[in-house]
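Undergrad: can't give you the sequence, but here's the structure:
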């Protein structure tokens, strides 16, 4: 079946640095990908919708200049957390839409970010 | 705005019990519904997906159903095992191309 891969699974970075998380659809093309984050003991919240070849659509309260999303190809979307701070430490997960399968959504494995 | 409720928030049962987890959406127009499990410190594992033309799905000891008229879904776990201990999340999406909205989860502990 369709597989979505996220990398890295775990990342620790220093406060003030930037970190990039990749989301790849391995065996299908995804025109739309979604990025979510989950704070401890909370549910997953949508951050942004990533559309191939165009600007991402951010949810209210998500800083687009801090969370840069690039969807340059039909199989890759990246989320860059810029000038990371400890409060950005969270679980980030992406999903990709497979249009040929009734628009089934497939999720990546998620990435744990710790900012120290 | 779609909101999702999961009841109970936490559940602790002895091994072998059958149990039901509940999920409800404020907007009953659900196109796809998916149940996941999440183990501490790990990602999501998809358990069951109910697509727009379906009302229930079964996989092993798991059965999920969706009542589209009320926007409610249940996840039934038969003969629970300690390995079933995890947080169970339901997520639904309203329409083609839209994102999933997640519930807060039910934390399940199955005691040996």
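TA: Done, it's in. This one's a predicted model, so the numbers in the text were calculated from it and none came from an experiment.

Undergrad: for chain B, what lies in contact range of chain A?
TA: B:4, B:32, B:34, B:36, B:41-44, B:46, B:49, B:51-52, B:89, B:91, B:93, B:96-97, B:99-105 (CB under 8 Å from any CB of the partner chain). Placement of C-beta: from N, CA and C, glycine included.

Undergrad: rerun at 6 Å
TA: B:43-44, B:51, B:96, B:99, B:102, B:104-105 (CB under 6 Å from any CB of the partner chain).

Undergrad: so where's the chain uncertain?
TA: Going with chain A. For chain A, residues meeting the criterion pLDDT under 70 lie at A:1-2, A:99-104.

Undergrad: please refer instead to chain B.
TA: B:95-97.

Undergrad: tell me who's in contact with the residue of it found nearest chain A.
TA: Closest residue of chain B to chain A, CB to the nearest CB: residue B:43 (3.4 Å). Going by CB atoms under 6 Å, 6 or more residues apart in numbering or on different chains, residue B:43 touches A:109-110.

Undergrad: residue B:20 versus that one, what's the distance?
TA: Counting by CB to CB, to the nearest Å, the separation of residue B:43 from residue B:20 is 25 Å.

Undergrad: hmm, back to that, secondary structure and distance to residue B:79 added to the residues of chain B next to chain A, as JSON lines?
TA: Formatted as JSON lines, these follow (DSSP: H, G, I helix; E, B strand; the rest coil; distance: CB to CB, whole Å):
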{"residue": "B:43", "secondary structure": "coil", "distance to residue B:79": "26"}
{"residue": "B:44", "secondary structure": "strand", "distance to residue B:79": "24"}
{"residue": "B:51", "secondary structure": "coil", "distance to residue B:79": "27"}
{"residue": "B:96", "secondary structure": "coil", "distance to residue B:79": "37"}
{"residue": "B:99", "secondary structure": "coil", "distance to residue B:79": "34"}
{"residue": "B:102", "secondary structure": "strand", "distance to residue B:79": "27"}
{"residue": "B:104", "secondary structure": "coil", "distance to residue B:79": "26"}
{"residue": "B:105", "secondary structure": "coil", "distance to residue B:79": "22"}
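
Undergrad: show me what residue B:87 bridges to in the sheet.
TA: As for beta bridges, residue B:87 partners with residue B:38, residue B:107 under DSSP bridges.

Undergrad: and if you look at residue A:98?
TA: residue A:104.

Undergrad: can you count the residues close to it?
TA: For residue A:98, the number of neighbouring residues by other CB atoms under 10 Å in any protein chain shown comes to 20.
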